[in-house]
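1. My questions are about this predicted structure, shown below with the sequence.
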Amino acid sequence: MADMKRLIDTFIKYTKIDTKSDPESTSTPSTPGQLELAKIVAADLKAAGVSDVEMGEDGFIYATIPDNLPDGHPAKGKVPTLGFLSHLDTANEASGANVKARKIENYQGGEIAFPGNPELKLNYDNAPNLKNCIGHTIITSDGTTLLGGDDKAGLAVLVELAHHYQNNEKDLHGTIRLAIIPDEEIGVGTEKLDLKKFGVDVAYTIDGGVMGEIDVESFNGFMGKITVEGYPAFPGYGKGIYINAIQVLAKFIAQMEDKRWPQNATDRDPIWWIHTMNAEVGRAEASVYLRDFDLDGIEEQKKILAGIKEKVQKEFPKAKIDIDIKETYKNYKYELEKDPRVVDYAEEAMERIGITPERNFVRGGNDSCHLCFSGLLSTNLFVGMQNMHSVMEWVSAETIEGSLNTVISLAKVWVEKSA
Ligand SMILES: [Zn+2]
């Protein structure tokens, strides 16, 4: 049986190893702590009865939980191979060294103070989901480091999944492949994942937030350049001749509506922003980023920029203004629509065990996005992490448990629907 105490103990054991990834590093994994943790996870998977654990010096672990369908079962040989992924590393925004996880059992609501950081308090403003976790065991760091729920909770779920299947033949499943990846936070993990070796039909990352969350959308991401060529001349005698590219570009940017800048947008609002500028009198350029959940919205943003160009051009007819925008990534909902089972079955799996599923959209790109456009349909499922990438990170033990039960239920749904 899945053992909830062991699940949480495993999670806390993993938080003790510093696995912060390093974007400056050229090696994989980018930091030695990740390899140290990978070795422990590989050993834990073996101890949980997984016989083919394969770990490379790059920290990637691939492992199989063979199907447990009896001969003659109507779904035998017909269930798509499911892949589950979680990552070893923690984010850069906060320290991951000497993490001192602590448990608050039977949380009764209200503020939570941090032993190592008296100024810090978790409350319903900065952690609104606490309201839904009354009676749960809340786990935080001491307030001086992140916790590492992102994504060591996911690692613990996959290890406990293996234990569960070792002792519980009633919970049927097809072939399951596990992939433990390094350097997810620095955008390397799923890029270096060997999809052929992974060999799965559908993938779920166990790397999400609140109970019931299924991430089914990302932004469409486009980026480009606004370039202005001016006409430098001796300023004292510049009348009628002089065109300053910096001034033209500044006028352009000033006309980009405020409501679309990141600080003013939320929910399903589109955003745009200028990321870098390089400007001299003769030539000025700015990199511009566009984000919208719908491609039509991206087209609208392009049209608005073209309108601004026209207006500024009228004021400076001799300046040469160019806009060049290209796609970086697309919303993966367009890929998931090709096989609605991926998300529908995850929802059904949660409903069957009393968890209310919630389709969520991510205001950025994510691993599912990358995997979907690499040809592997994928979505991200909750594991409970909250306030991630910060010293106020927390998880509820019951939500980690809910994640494990969701995975077990999901494997069953795929079996039943494949029969
Ligand atoms: Zn993560």
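-> Yes, it's here.
2. Touching, Glu416 and Ala75? I think so.
-> Yes - here Glu416 reaches Ala75: they are 7.3 Å apart, a contact under Cβ atoms under 8 Å. In this view, the C-beta of every residue, glycine as well, is placed from N, C-alpha and C.
3. Which one's more surrounded, these two?
-> Taking other Cβ atoms under 10 Å, Glu416 and Ala75 do not tie; Ala75 has more neighbours (17 against 13).
4. you'd agree the more buried one is in a strand?
-> No - assessed with DSSP: H, G, I helix; E, B strand; the rest coil, Ala75 is coil; it does not lie in a strand.
5. so where's the protein uncertain?
-> Where the chain drops to pLDDT under 70, the residues are 1.
6. what does it have sitting close to the ion?
-> 150-151, 207 (Cβ under 5 Å from the ion).
7. how does it look with 8 Å?
-> 86-87, 91, 150-151, 154, 184-185, 205, 207, 385, 388 (Cβ under 8 Å from the ion).
8. re the thing from before, common neighbours of Glu416 and Ala75, please.
-> Counting by Cβ atoms under 8 Å, 6 or more residues apart in numbering, no residue touches both Glu416 and Ala75.
9. Leaving out chain neighbours, which residue sits closest to the residue nearest the centre of the chain?
-> Closest to where the C-alpha atoms of the chain average out (Cα atoms, centre = their mean) is Asn366, at 4.4 Å. If the residues on either side of it in the chain are set aside, Asn366 comes closest to Ser218, at 5.7 Å by Cβ to Cβ, 6 or more residues apart in numbering.
10. neighbours of Lys314, just the number please.
-> Neighbour count of Lys314, defined by other Cβ under 10 Å: 8.
11. What distance do you get for it to Pro232?
-> Distance, Lys314 to Pro232, using Cβ to Cβ, to the nearest Å: 21 Å.
12. so who does the residue lying closest to Ser21 once chain neighbours are set aside touch?
-> In space, and not counting its chain neighbours, Ser21 is closest to Asp89: 3.8 Å by Cβ to Cβ, 6+ apart. By Cβ under 8 Å, 6+ apart, the contact list for Asp89 reads 19-21, 29-31, 34, 182-186, 189.
13. Could you verify my assumption that Ala94 touches Leu147?
-> No - taking contacts as Cβ under 8 Å, Ala94 lies outside contact range of Leu147: 9.3 Å.
14. quick one, which of the two is more surrounded?
-> Leu147 (31 against 19).
15. So that one belongs to a strand, correct?
-> No - using three-state DSSP, the assignment for Leu147 is coil, not a strand.
16. Can you show me the helices along the stretch 1-150 of the chain?
-> Along the stretch 1-150 of the chain, counting by DSSP state H, counting those that start in this stretch, helices occupy 4-15, 32-47, 149-167.
17. I misspoke; the intended subject was the stretch 151-300 of the chain.
-> All helices of the stretch 151-300 of the chain, identified by DSSP H, counting those that start in this stretch, fall at 189-192, 195-198, 245-254, 295-315.
18. I'd like to know which elements the longest one is packed against.
-> Spelled out, it's helix 295-315. In terms of contacts (3 or more Cβ pairs under 8 Å, 6 or more residues apart in numbering; DSSP states H and E), helix 295-315 is packed against strand 220-229, helix 245-254, strand 283-292, strand 320-329.
19. Could you point out which of the ones you listed sits nearest Ala113?
-> strand 283-292 (37.0 Å; Cβ to Cβ).
20. chain center to stretch 121-133, what's the gap?
-> How far stretch 121-133 lies from its chain's middle: 21 Å, per Cα atoms, centre = their mean, to the nearest Å.
21. repeat for stretch 40-47
-> The answer for stretch 40-47 is 25 Å, by Cα atoms, centre = their mean.
22. Now the residue of the stretch 201-350 of the chain found nearest the ion: closest residue in space, sequence neighbours ignored.
-> Closest residue of the stretch 201-350 of the chain to the ion, Cβ to the ion: Asp207 (4.1 Å). Distance criterion Cβ to Cβ, 6+ apart; nearest residue to Asp207, sequence neighbours excluded, is Asp151 at 4.8 Å.
23. Pretty sure that neighbour sits against His87.
-> Yes - assessed by Cβ under 8 Å, Asp151 is found in contact with His87 at 4.6 Å.
24. shared neighbours, these two?
-> 184, 207.
25. So between the two, which is more surrounded?
-> Of the pair Asp151 and His87, Asp151 is the one with more neighbours under other Cβ under 10 Å, namely 30 against 27.
26. and the more buried one, what does it touch?
-> By Cβ under 8 Å, 6+ apart, the residues touching Asp151 are 86-88, 184, 206-207, 383, 385.
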